[in-house]
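Trainee: below is the sequence, then the predicted model.
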Amino acid sequence: MTVAEEKSQIKEEKSWEPKILAFLCNWCSYAGADLAGISRLQYPPNIRVVRVPCSGRVNPFYLIKALQAGWDGVLVSGCHPGDCHYLSGNLVARRRFAILKDIVEFMGISPGRLNFSWVSAAEGEKFSKVVKEVVEKVKKLGPIRKMVKE
Amino acid sequence: MKEKILPKEQLPQILKTLLESYKVFAPIKKNGFYVFGEIETPDEIALNYLNSKIPPKEIFYPRTEVLFTFTKSPQGIDIQEAINPSESRVIFGIRPCDAKSFTLLDKFFSYGKFKDPYYQTRRENTLLIGLACVNPRSTCFCTSINGSPFGEEGLDILFVDLGDKYFVKSLNLKGDELLDQLPGLTPASEKDRFNMTELLKKVLASMTPEIPIENINTKLEQLFDEEVFWDQFSQKCIGCASCTFLCPTCTCFDVVDEETSSSGKRIRLWDTCQFPLFTLHGSGHNPRPTKRQRLRQRVMHKFSYYPKTLDEIGCVGCGRCIIVCPVNQDIREVFKALQET
Amino acid sequence: MEKLEKIMQDTAKHFLQEQKVDLIIGYKQGTIPLRTTPCFVTKPEDISQLVWNVCCDHDLTNFLLQPEYKDKKVGIIVKGCDARALVVCMAEGQIERKMVTIIGMPCPGMIDRKRIESELEPKEILVAEITEDQIHLKGKDFEQTLQKDDYIQASCKSCRYNNPPVCDVLIGGQPIELSFNDDLDEKLAELEAKSPDERWTYFTTLLSDCIRCYACRNACPLCYCKECFVDQTQPQWVGKTTNISDIMFYHMIRAFHVAGRCVECGACTRACPMNIDLRLITRKLQNIVKDRYGFEAGLDPNVPPPMGTHTMEDPQEFITEPE
Amino acid sequence: MTQMSNLKKVSNPYIPKLTTIQEIVSENKPVNDLKTFKLVFNNPDDFKEFDYIPGQFAELSYFGAGECPIGIASSPTEEGYLLFTVKRVGVVTTALHNSKEGTAIGIRGPFGNGWPIEDLIGHNVVIIGGGFAFSTLRSLTKYILAKRELFKKLIVIYGARNPNELCYKQDLAEWEKLDDLELHLTIDRPVDGWTKKVGFVPAITKEVAPDSTDAFAIVCGPPIMIKFTIPVLTELGFADERILLSLENRMKCGIGKCGHCCVGEKYVCIDGPVFTQAQLRSLPKEY
């Protein structure tokens, strides 16, 4: 590494902001995020949103692949249990994420990298809070190094 | 051709000398089994072994290997070849069967119009110092496949353990030159030579009787379509492909691209004919959809196709496939059954 | 065990003669000491090939899922772990209960030939005799006797269901109780108490030897997908290289895919050509599923697998709920 | 190190040469899963080195997606560019289909033996093709037309599911006007406005009944078409040695090393893809 590169890296680390990939369900959380926007609620600009039909559509591959591609954290958000547009998609997802999170964290990924939440279409404020909390958590953890593929 | 004697306590000195000018690969013990790894000091070496679990082929033909890297820019694509000339290397303590496997790989990777520069580059500048098998496994069948526990094929120097000393034999000019640089060697006497021949006789006598493999080629061809014959073996196969992954003469590979936003690399990695995916067409058609066909392919490739294209049997009789198979598939049983039909 | 072997042969023979089954999948003597190999008996007169000893470690359930046995009535010799794998396959609708005749063997624990061989190298075992509690080994210029209990496979020592929980006939009629000292749970607790970074180091070190040969997947009686996720190319989620990130990706997802299904038979660990011990992961899976959903795999074919079902009340303490 | 320098002189067969897509033609709008790519080498010297004959193939790289073997559809008599007709099937072909003019494509080749031009010279040639497998047959037809005096009679039978699936429509229109080429186009089922033959390729072959004396039959198409065409040809008196076929198998390296495409002791990539029916009889049916 040249001196210039080293300097730029130090600079980069100082001004580092986490990148978080959010999978939002079309019917609740995406609308919740929309509402947060319409209501002019402030939340950190660190998330990039992927709209999915249902939290149950989120395959574990997406989450691990995101970490591998260098996303510092992942958020999956769907309808509250009982409110799923497809009746039980989020219940399936809940079991899936619980187990995935347990395994991934057991194998050494820090808790806080994988995040899940329920946000309804009416909960614009909750959405902004969730994002704030997740960004805070990931910020504390620092840039992801473990799963990133060199 | 020089024949020398090396007292055993002098071996570390020899290794030290080698380490001064070569990268040295030798058997080391890891996770309860032996592998060939790079050593930095003479005491890392573990010579008290039957054979390495993983064949040393991965020194020349690694499991994953970058063929080239590329960068994409608005100006176009820039390709950087990923061949690095290898430093001078020595593989010490390789068994004759594995050394023979390199002669097969050498042939294979350079046969035909196209040569494989990755293998060849790694392979050159490497000296092979063998350690004769004085204690072959019961699963070894090198003698059935024109090999010998004291075989010299592919080696530059052969060490034979005579108890308290090594009989050291250089086998070509390169070996001669290297021997001249090594300390502590004394000329071998007639008696040493006699002892070595006697030892070879003893070792050969102790080995599992030879499996007759004459005409194996024609027999295999005759039986090619005999489903019942192949089923008796393929029936218990679970298709795990350990046999091919740990085979010193298996060479098949897959090629994949990996890419980040602006750059990427093309990688080749070991692949195996024992997986259905190996032959699956884009259309969904699979020329070898069953275990029977895949097992047959493995046997045919080594014992029929190899002799046809390269004039040699594509097996060195190391017996690794027998040892590693989780369901105890034993290739010798195939030979036996062949002889019986 | 010879006694049980005889009863097993008689029972199997009876089933064949009565045409209750088309074939019996069992074990026969292998070609090297301490090994058995799967065998497929269709004629009653061949039944004497069948053996039962402490080297019958292979999980035969694997074969039942193969297309050639789809429409056959199969009799299968199972140990506790194999029976559980069979039950999982039944619960998942892969195998029809009525097509299978389960011949259950009370399992005393299988011996760990890999460890014996590794410890003895460069000596090689040529003859092995196994008695009730000892293993007599003979080779070139050596003879040695080992205590059987010292060389039981690690996955058998930590076994919790050595007797088949479901079977048509239990050979000998008597379940065996195991009492091995096993430290898997302590080891797991120790690892769990460590920091994520330490655990990451532990697993990356453990798995760095992985050569991605997928022997673990192929040996697993429950990895029966027609197309495994590692073979999928459109899109290709998992890189195929031995880059540690790809290796971890593979093992995380494989663990996820067998969660709530894994019966800890140890087939993956046994099949690994690189001797990678995956038992801490498989034990952790058991605990996760049990703690969260009170479920243990492979005990009842009529209970749906935990990843195929859900309730409104499932625990969700991991869901981010801002104040 | 001296050895090293020797090696360097031999070019690395795994490194692709760079080309650019100059033109993309969809062969079967609106289905659009069949496109012909016109590739031009970035370095004209590379094209000079790319010395090929009809029937050979090349490995096309879409960097980041991978490589796939594709038969060369252009004829060496067409100067300055290469044509490849690609069906969208897997990862690489999809990436190719999604790319635009100007995209950099890597190319390795030419590989394989190609149609045995030397043997065909001075003989009648019957070309029988089905679907998009016609690509290397287009190459051969073009080649023969360019060196017409070297060959005797030329018959082309080409069938597809429907008129839309017939590739190289412009070429076909030109060929129809020629009087030294007997062209029979056919489709599987009648379609309004179609005035030419209707029926499967084997049946049409039987109907056309090309004379087998002094002739070679060259067949390329889907396996089912080949299966039923061979008996027709045999009946017409074509010897197995004079029926030529082009095989396809999963393939990675194209140079006889990766092991994927082997059929018996033969590698489709270096010993094929062209085999005579006689050769195929002695090979296992693993293709």
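Mentor: Happy to help now that I have it. Residues are numbered from 1 along each chain as shown, chains lettered A, B, ... in the order given.
Trainee: give me the number of residues near whichever residue of the stretch 51-200 of chain C sits closest to chain D?
Mentor: Chain D sits closest to C:Pro67 of the stretch 51-200 of chain C, with a gap of 19.1 Å, by CB to the nearest CB. C-beta coordinates here come from the backbone N, C-alpha and C atoms, glycine included. Residues lying near C:Pro67 (other CB atoms under 10 Å in any protein chain shown) number 9.
Trainee: and the gap between it and B:Lys29?
Mentor: 42 Å (CB to CB, to the nearest Å).
Trainee: now the longest helix seen in chain B: buried residues?
Mentor: Ranked by number of residues, the top helix in chain B under DSSP state H is helix B:190-206. Buried residues in helix B:190-206, counted by 16 or more other CB atoms under 10 Å in any protein chain shown: B:Asp192, B:Asn195, B:Met196, B:Leu199, B:Leu200, B:Val203.
Trainee: which two in those are spaced the farthest apart?
Mentor: Maximum pairwise distance among these (CB to CB): 16.2 Å, between B:Asp192 and B:Val203.
Trainee: quick one, helices of chain C?
Mentor: Using DSSP H, helices in chain C cover C:2-17, C:61-64, C:80-91, C:113-120, C:154-157, C:184-193, C:196-207, C:215-219, C:244-258, C:267-271, C:279-293.
Trainee: will you turn these into JSON lines that also has mean pLDDT, mean neighbour count and distance to chain A?
Mentor: Output for the helices of chain C, formatted as JSON lines (pLDDT from 0 to 100; neighbours: other CB atoms under 10 Å in any protein chain shown; distance: least, CB to the nearest CB, whole Å):
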{"stretch": "helix C:2-17", "mean pLDDT": "91", "mean neighbour count": "17", "distance to chain A": "38"}
{"stretch": "helix C:61-64", "mean pLDDT": "90", "mean neighbour count": "26", "distance to chain A": "23"}
{"stretch": "helix C:80-91", "mean pLDDT": "94", "mean neighbour count": "26", "distance to chain A": "16"}
{"stretch": "helix C:113-120", "mean pLDDT": "88", "mean neighbour count": "17", "distance to chain A": "25"}
{"stretch": "helix C:154-157", "mean pLDDT": "90", "mean neighbour count": "22", "distance to chain A": "19"}
{"stretch": "helix C:184-193", "mean pLDDT": "94", "mean neighbour count": "13", "distance to chain A": "7"}
{"stretch": "helix C:196-207", "mean pLDDT": "95", "mean neighbour count": "16", "distance to chain A": "3"}
{"stretch": "helix C:215-219", "mean pLDDT": "90", "mean neighbour count": "24", "distance to chain A": "15"}
{"stretch": "helix C:244-258", "mean pLDDT": "94", "mean neighbour count": "22", "distance to chain A": "4"}
{"stretch": "helix C:267-271", "mean pLDDT": "90", "mean neighbour count": "25", "distance to chain A": "15"}
{"stretch": "helix C:279-293", "mean pLDDT": "94", "mean neighbour count": "19", "distance to chain A": "5"}
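Trainee: pipe those helices into CSV and attach distance to chain D per row.
Mentor: Listed next are the helices of chain C as CSV, based on distance: least, CB to the nearest CB, whole Å:
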stretch, distance to chain D
helix C:2-17, 35
helix C:61-64, 25
helix C:80-91, 31
helix C:113-120, 30
helix C:154-157, 35
helix C:184-193, 38
helix C:196-207, 26
helix C:215-219, 19
helix C:244-258, 16
helix C:267-271, 23
helix C:279-293, 31
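Trainee: now these as TSV including distance to B:Pro74?
Mentor: Putting the helices of chain C into TSV (distance: least, CB to CB, whole Å) gives the following:
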stretch	distance to B:Pro74
helix C:2-17	72
helix C:61-64	53
helix C:80-91	54
helix C:113-120	56
helix C:154-157	56
helix C:184-193	49
helix C:196-207	38
helix C:215-219	43
helix C:244-258	29
helix C:267-271	48
helix C:279-293	46
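Trainee: among the ones you listed, which is nearest C:Ile135?
Mentor: Nearest to C:Ile135, of the helices of chain C and by CB to CB, is helix C:113-120 at 7.4 Å.
Trainee: which elements pack onto that closest one?
Mentor: The contact analysis (3 or more CB pairs under 8 Å, 6 or more residues apart in numbering or on different chains; DSSP states H and E) places helix C:113-120 against strand C:134-139.
Trainee: mind listing the helices for the stretch 1-150 of chain D?
Mentor: For the stretch 1-150 of chain D, the helices defined by DSSP state H, counting those that start in this stretch cover D:2-9, D:44-49, D:91-98, D:117-120, D:135-146.
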